[in-house]
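Q: What follows is a predicted structure for the sequence shown.
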Amino acid sequence: MQLVRGEKIDVAADTAKVDPMHQFAIEPLFGSDWTIAGYNIAFTNSALWMLIAGIALWIFMIGGMKREVVPGRWQMAVETMTGFIDDLLEANMGKEGRKYVPYVFTLFMFILFANLLGLIPLPLAMAGVHAFTFTSHFTVTGVLAIMTFAIVLVVGFWKHGLHFFSLFVPHGTPTLMIPLIFVIELISFLFRPFSLGLRLFVAMMSGHVLLEVLSSFVIDAANAGPGYGVLIGGPSFILMIAICALELLVAGIQAYVFALLTSLYINDAEHLH
Amino acid sequence: MPQIAQMSETFASQLFWLLLVFGILFFVIGKGMVPKVMDTVGLRDKQIADDLAAAQAARDAADAEEEAWRTRENANRASAQALVGEAKGKAQASTEARLAEVQAGLDARMAEAEARIAASRDAAASEIEAVAADAAKEIVSRFAGVNVDQTAALSAVKKAMAHG
C-alpha cells in the first residue's frame, strides 16, 4: 500500500498536456513507510495542507487573544467569526447551541481555510508549490460529515434514549402511515452524512476542475498561435478571473453550509421535533 | 479521478492526518481559544451594558434631584408669597386701624367744635334776646312811659322772635 510519486498520473499525462485531475493527486512527501496496524500513514501533500490550514487558523486566532476592551482590527475579525458561529447556533438551536460552538467553529474555520488556501494561485505555483485542496477529497469531507453524524447520534441517544426514534415519525402522521413514513424518514436521515460530505467535495472539485480546464485553454490557445491566443486565450483568461472570484464565494458558502447543516442536524438531536 | 483511483492506498493516511490535525485544532482552538475570545466579547458587552445602566441611573438621579429642587423651589416661592401676603395684610390692617383712629379723633374734634359753635350760637341768641328785651323795655318806657318789668319784656321778645 505504498504510494509511488506520480504513478497514476503519468498515464493520464500522455493523452493531454494539462490534466485537470492531476491537482487532486495525493503524493507522499515523506514517511512513505510509516504504518499503523498495517495501514500506510505517509505524510502527503494533503496532510501538509491540512497542517498549513491548521497553522494559518491558529495564527489567525492569536489575533483574538489580545483580549482588549477596545479591539483592534484583527481582534475584531476573530471576534466577528466567533460571534458569527455563536449567532448561527443561537438562531438554530437556542441556548443549548452554545456548547457546540467549539466544534462548529473549528469545523467551519478549518473548512473555510482549507477552501481558501486551496485557491492560492500563480505566485506560489511558479515557485513550484502547488496548493492542494484537501476538501476536494471525499475521504476528507466524508470523515468530517461522519464526525458530525456521530455527534448527532451520540447526542440524540444520550439525551432521548430510544425516544430518539420518534424523530422519524413527524407529528400528526396517521397511524396507518407510520411504518412507511418511518422508513422514508430513516433513509433520509441516513443519507445526511453522504449529502453533507459529497456537497462540499463536489463543489470544491468542480470549481478547481473548471479553473484548470480554462487555464489549459489559455495555454493551448497561446501555443497554437498569437491569433488563437488572443481570441480564445483572452476571454478564457478573463472568465478564469471571474470564476476565481466565484470560487472565493463558493469557498465561504460551502463552509457556511457545512456549519449550518451541522447545527441543524445537532438541533434535531437536541430537540427532536 | 485520483479521489477514487487513490482511495484505497491513501484513505488511512487521510483519515489519520485529518483526525490528528482536526483533533489538535478542536482542543487548542475550539476548546482553548474560542471560549476566551467569547469571554472577551461577553465581558465587553457586559461592561457596555453596565455603563449604560450607570448612565441611566445617573440620569434618573439627576431627574429626581431636579424634581426635588423644583418642589422645594415651589414651596419656597409659595411661603414667600404667603409671607408677602401676610405682611401686606398686616400693613393694610394697621393702616386701616390708624385711619380709623385718626377718623375717630377728627370726628370727636368736629363734634366738639360743632357743640362749641352751637353753644356760642345759643349764647349769642340769648344775649340777643336780653339785649332785645332791654331795648324793648327802654323803647316802651320812652314812648309809652310805661315801666315794663324785665320778665314781661323778655317773654314779649321771645314771642316776637318765635313769630319771626
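A: Looks like it arrived, so ask away. Numbering: from 1, shown residues only, chains lettered A, B, ... in the order given.
Q: so where's chain B shaky on pLDDT?
A: B:164 (pLDDT under 70).
Q: Which parts of it are helices?
A: B:2-5, B:7-25, B:34-143, B:150-163 (DSSP state H).
Q: if we compare those helices, which one ends up closest to chain A?
A: Checking the helices of chain B against chain A by Cβ to the nearest Cβ gives helix B:7-25 as the closest, at 3.4 Å. For the C-beta atoms, the positions are set from N, CA and C on the backbone; glycine is no exception.
Q: Other residues contacting the closest one?
A: A:1-3, A:26, A:28, A:36, A:39-44, A:46-47, A:50-51, A:53-54, A:57-58, A:106, A:110, A:134, A:137, A:139-140, A:143-144, A:147 (Cβ atoms under 8 Å, 6 or more residues apart in numbering or on different chains).
Q: now A:Trp158: how far from chain B?
A: 19 Å (Cβ to the nearest Cβ, to the nearest Å).
Q: mind checking the SS state of that residue?
A: Put simply, A:Trp158 is helix when judged by DSSP: H, G, I helix; E, B strand; the rest coil.
Q: about what we covered before: in strands, which of the contacts of helix B:7-25 appear?
A: A:28, A:36, A:39-40, A:43-44 (DSSP state E).
Q: Save those residues as a markdown table, and put in pLDDT, distance to chain B and neighbour count too.
A: Shown next, in a markdown table, are the ones in strands among the contacts of helix B:7-25 (pLDDT from 0 to 100; distance: Cβ to the nearest Cβ, whole Å; neighbours: other Cβ atoms under 10 Å in any protein chain shown):
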| residue | pLDDT | distance to chain B | neighbour count |
| --- | --- | --- | --- |
| A:Pro28 | 84 | 8 | 23 |
| A:Ile36 | 84 | 7 | 10 |
| A:Tyr39 | 83 | 3 | 14 |
| A:Asn40 | 83 | 6 | 21 |
| A:Phe43 | 89 | 7 | 17 |
| A:Thr44 | 88 | 6 | 26 |
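Q: spatially speaking, which residue is in the middle of chain B?
A: Central residue of chain B (Cα atoms, centre = their mean): B:Gln81, 2.5 Å from the mean position.
Q: hmm, back to that, of all the helices of chain B, which one is nearest A:Ala77?
A: helix B:34-143 (10.7 Å; Cβ to Cβ).
Q: Next, see if that closest one gets close to chain A.
A: Yes: using Cβ under 8 Å from any Cβ of the partner chain, helix B:34-143 reaches chain A at B:34-41, B:43-44, B:47.
Q: Need the winner for burial among the helices of chain B.
A: helix B:7-25 (a mean of 19; mean count of other Cβ atoms under 10 Å in any protein chain shown).
Q: For the nearest residue to B:Lys31 once chain neighbours are set aside, give me phi and psi.
A: Once flanking residues are discounted, B:Lys31 sits nearest to A:Pro102: 5.2 Å by Cβ to Cβ, 6 or more residues apart in numbering or on different chains. The phi and psi values for A:Pro102, taken as degrees, to the nearest 10, are phi -60, psi -50.
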